[in-house]
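> just need the structure, nothing else, for what follows:
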Amino acid sequence: MIRVREVRVVDEEGNQLGVLPIQEALRLAFERNLDLVEVAPNAVPPVCRLLDFGKYQYEKQKKDREARKAQKIIEIKEIRLRPRTGEHDLDTKVRQALAFLDEGSKVKVAVRFRGREITHPEIAREQLEEFSTKVGLAAVIEMPPAMEGRNLFMLLSPNPAKKP
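Okay, the predicted model is just below:
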């Protein structure tokens with residue numbers, strides 16, 4: 001698949017073999033029972049490497065799998081409130097939010113309005129402010145309270161300064 005006349009060849013240990021005609025490089029790869037793989041097509045002349053392509057792909061997949069394992073997926077947990085949620089119920093929801101934040105999840109706190117409750121969004125704003133003060137230093141307000149349809153919500157994320 002390499003369509004140039006000459007290539008710079010690097011062997012399996014990383015030693016430079018110099019600039020060779022493509023037929024010579026392919027013959028060399030065939031003799032060593034390896035593949036000729038173009039690694040830098042934009043160089044002049046293009047750089048090709050002698051390697052076992054199947055083994056190379058396997059190693060690359062293995063590295064990708066390990067990288068995915070090390071990756072941490074951040075979840076967004078939602079806590080729903082109502083404008084008339086009581087004080088003790090709010091405390092329960094705060095404890096729930098603190099547990100989610102300790103796990104490393106983000107928390108979306110939503111106040112859902114029904115019927116004519118939507119005419120008093122200031123009640124819900126005060127409720128969200130109280131919620132954020134009760135959560136305290138465990139969270140950082142990532143997104144301040146905002147209206148979205150019939151919901152008023154804010155997004156809290158774990159405080160990076162709090163972690164040991």
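
> okay, domains of the protein per the record?
According to automatic domain parsing, the chain comprises the domains 6-69, 76-158.

> what's the straight distance from one end of the last one to the other?
Distance between the two ends of domain 76-158: 11 Å, counting by C-alpha to C-alpha, to the nearest Å.

> that older thread, adding mean neighbour count, write the domains of the chain out as a markdown table.
Glycine gets a C-beta too; all of them are placed from N, C-alpha and C. Listed next are the domains of the chain as a markdown table, based on neighbours: other C-beta atoms under 10 Å:
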| stretch | mean neighbour count |
| --- | --- |
| domain 6-69 | 14 |
| domain 76-158 | 16 |
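
> with mean pLDDT added, can I get those domains in TSV?
Written out in TSV, the entries for these read as follows (pLDDT from 0 to 100):
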stretch	mean pLDDT
domain 6-69	91
domain 76-158	93
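
> which non-adjacent residue is nearest E129?
P145 (7.9 Å; C-beta to C-beta, 6 or more residues apart in numbering).

> tell me which element that neighbour is part of?
Counting by DSSP states H and E, the element that carries P145 is strand 139-148.

> look at A161 and report its pLDDT.
With respect to pLDDT, A161 scores 79.

> tell me the SS of it?
coil (DSSP: H, G, I helix; E, B strand; the rest coil).

> likewise for Q23?
helix.

> look up how far V7 lies from it.
11 Å (C-beta to C-beta, to the nearest Å).

> ditto for N159
Note on N159: its distance to V7, by C-beta to C-beta, is 54 Å.

> is it true that the residue nearest to E129 touches N151?
No: using C-beta atoms under 8 Å, P145 makes no contact with N151, being 10.3 Å away.

> which ones are touching M147?
P121 (C-beta atoms under 8 Å, 6 or more residues apart in numbering).

> quick one: it from I118, how far?
For M147, the distance to I118 - C-beta to C-beta - is 9 Å.

> G149 now?
10 Å.

> do the same with I73
Counting by C-beta to C-beta - I73 and I118 are separated by 34 Å.

> also A29?
A29 is 72 Å from I118, by C-beta to C-beta.
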